[in-house]
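Engineer: output the structure for:
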Amino acid sequence: MIVADTNLIAYLFIAGDKTETVHQVYQQDKDWFVPPLWRHEFLNVLAKYIRYEGASITDALSIWQSSVQFLSYRERRVNLTDALQLAASLQMSTYDAQFLTLAQSLGCWLVTEDKQLLKKSPEYAQSMQQFLDSQQYNSANGGS
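Structural biologist: Down below sits the predicted model:
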């Protein structure tokens, strides 16, 4: 089980240089969870995709519908008081803190490519490559 941040969602649904890696992450662990905030962040990603990458509104809407279908049952509410306290203690945005709070409450990794999140919470956050490497290590050593 992992918490996927919005960048992973973007890599999964918008083809790019990290799409292959995110597919490997998904093959290793299909049990993804997200806070409801992902919807707002991903809409912003899609707006930028239209504005800066020249995607059509039709393509963006199709991606949006696919992502909602994929993630809607994977949403988990976050204790926003805990997220605010975490944001204050780690000096991060409450947006990032919601993903991290969810990972902490579920007792799993937040998989992210956000360098600040990785630096501020190495006990709960891993990059895609770190996650894949740890899964290979666990498999080689009989763990899960």
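Engineer: so which residues of the protein form strands?
Structural biologist: Taking DSSP state E as the criterion, the chain carries its strands at 2-4, 32-33, 109-111, 125-126.
Engineer: for these, state which one has the densest average packing.
Structural biologist: Of all those, strand 2-4 has the most neighbours on average by mean count of other CB atoms under 10 Å, namely a mean of 26. Bear in mind the C-beta positions are built from the backbone N, C-alpha and C, glycine included.
Engineer: distance to L80 and mean pLDDT for the strands of the chain - can I get that in JSON lines?
Structural biologist: Output for those, formatted as JSON lines (distance: least, CB to CB, whole Å; pLDDT from 0 to 100):
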{"stretch": "strand 2-4", "distance to L80": "16", "mean pLDDT": "99"}
{"stretch": "strand 32-33", "distance to L80": "16", "mean pLDDT": "98"}
{"stretch": "strand 109-111", "distance to L80": "17", "mean pLDDT": "99"}
{"stretch": "strand 125-126", "distance to L80": "19", "mean pLDDT": "98"}
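Engineer: tell me which of the ones you listed lies nearest to A47.
Structural biologist: Closest to A47 of the strands of the chain, according to CB to CB: strand 2-4, at 20.0 Å.
Engineer: can you list the strands that that closest one pairs with?
Structural biologist: If you go by DSSP bridges, strand 2-4 pairs up with strand 32-33 (parallel), strand 109-111 (parallel).
Engineer: what sits against the most centrally placed residue in the chain?
Structural biologist: Nearest to the mean C-alpha position of the chain, counting by CA atoms, centre = their mean, stands D5 at 1.7 Å. Counting by CB atoms under 8 Å, 6 or more residues apart in numbering, D5 makes contact with F99, L110, V111, T112, E113, D114, L117.
Engineer: buried subset of these?
Structural biologist: Using 16 or more other CB atoms under 10 Å as the burial test, the contacts of D5 include F99, L110, V111, T112, E113, D114, L117 as buried.
Engineer: ok, of the residues you listed, which one's closest to D133?
Structural biologist: Out of those, the member with the shortest distance to D133 (by CB to CB) is V111, at 12.0 Å.
Engineer: mind listing what the closest one touches?
Structural biologist: I2, V3, A4, D5, L8, V25, A125, Q126, S127, M128, F131.
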